[in-house]
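Trainee: fold the following and give me the result.
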Amino acid sequence: MNSFLAPFKDSHLIKIFISIIAFLYAFIMNAQVEKSSDLYKILAAKDSILFERTFNKCEIEKLDTLIAENFEFYHDVAGIQNKEEFNNAVKNNICKNPGNMKRNLVSESLEVFPLKNNGVLYGAIQKGKHTFQEKQNGIFKTVGIANFTHVWILENSQWKLKRVLSYNHLPYTE
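Mentor: Numbering: from 1, shown residues only. As a prediction, the model looks like this:
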């Protein structure tokens, strides 16, 4: 072995060093995308359509363009729902009295992680926190906070929400 590393071939220190470099490389390659990236901006816009337009403004027809046919929603309070059940829940619960509830994304909580297959982007994980407000005596009051994790998949060059985890719903305390 006439290479530069020959004197270190039995060194544990060099093995540890190489392991650390490999770990850091893997971490960087799988880290969340920057908030200025196209992927982050696209999914932040999708989040806005999903919640601002459908949840807050009850434009329920927007759901059909966002949600995959095999959509699954997992909620720690309301259980499991498919696309039809989710659409009906939004329509019959949240939008039963439009303008009385609001969802707000917690500032700076949104993160996006790309999903790739052999280097080709096929989806993304989006996660964050959101608060919920109810109108009480004509004024919106924050009543709850929860975490969410969304799995978005590219289907025919369109981003579709495929899986949702909505969890850790807690009363809001300031």
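
Trainee: could you measure residue 152 against residue 170, distance?
Mentor: Using Cβ to Cβ, to the nearest Å, residue 152 is found at 25 Å from residue 170. Placement of C-beta: from N, CA and C, glycine included.

Trainee: the more surrounded of these two?
Mentor: When residue 152 and residue 170 are compared for neighbours, residue 152 comes out ahead with 24 against 9, by other Cβ atoms under 10 Å.

Trainee: I'd say the more buried one and residue 43 touch.
Mentor: Yes: if you go by Cβ atoms under 8 Å, residue 152 and residue 43 touch, sitting 6.1 Å apart.

Trainee: what sits in contact with each of those two?
Mentor: With contacts taken as Cβ atoms under 8 Å, 6 or more residues apart in numbering, residue 152 and residue 43 have 124, 126, 159 as neighbours in common.

Trainee: strands of the protein, residue ranges please.
Mentor: Ranges of strands within the chain are 67-75, 79-82, 101-105, 111-117, 120-136, 139-155, 158-171, based on DSSP state E.

Trainee: who does the residue sitting nearest the centre point of the chain bridge with?
Mentor: Centroid-nearest residue in the chain: residue 126, 2.2 Å away (criterion: Cα atoms, centre = their mean). Beta-bridge pairing for residue 126 (DSSP bridges): residue 112, residue 150.

Trainee: where's it relative to residue 148, distance?
Mentor: 8 Å.

Trainee: how about residue 157?
Mentor: For residue 157, the distance to residue 148 equals 25 Å [Cβ to Cβ].

Trainee: more neighbours, these two?
Mentor: Shown here are residue 157 and residue 148; by other Cβ under 10 Å, residue 148 has more neighbours (21 against 5).
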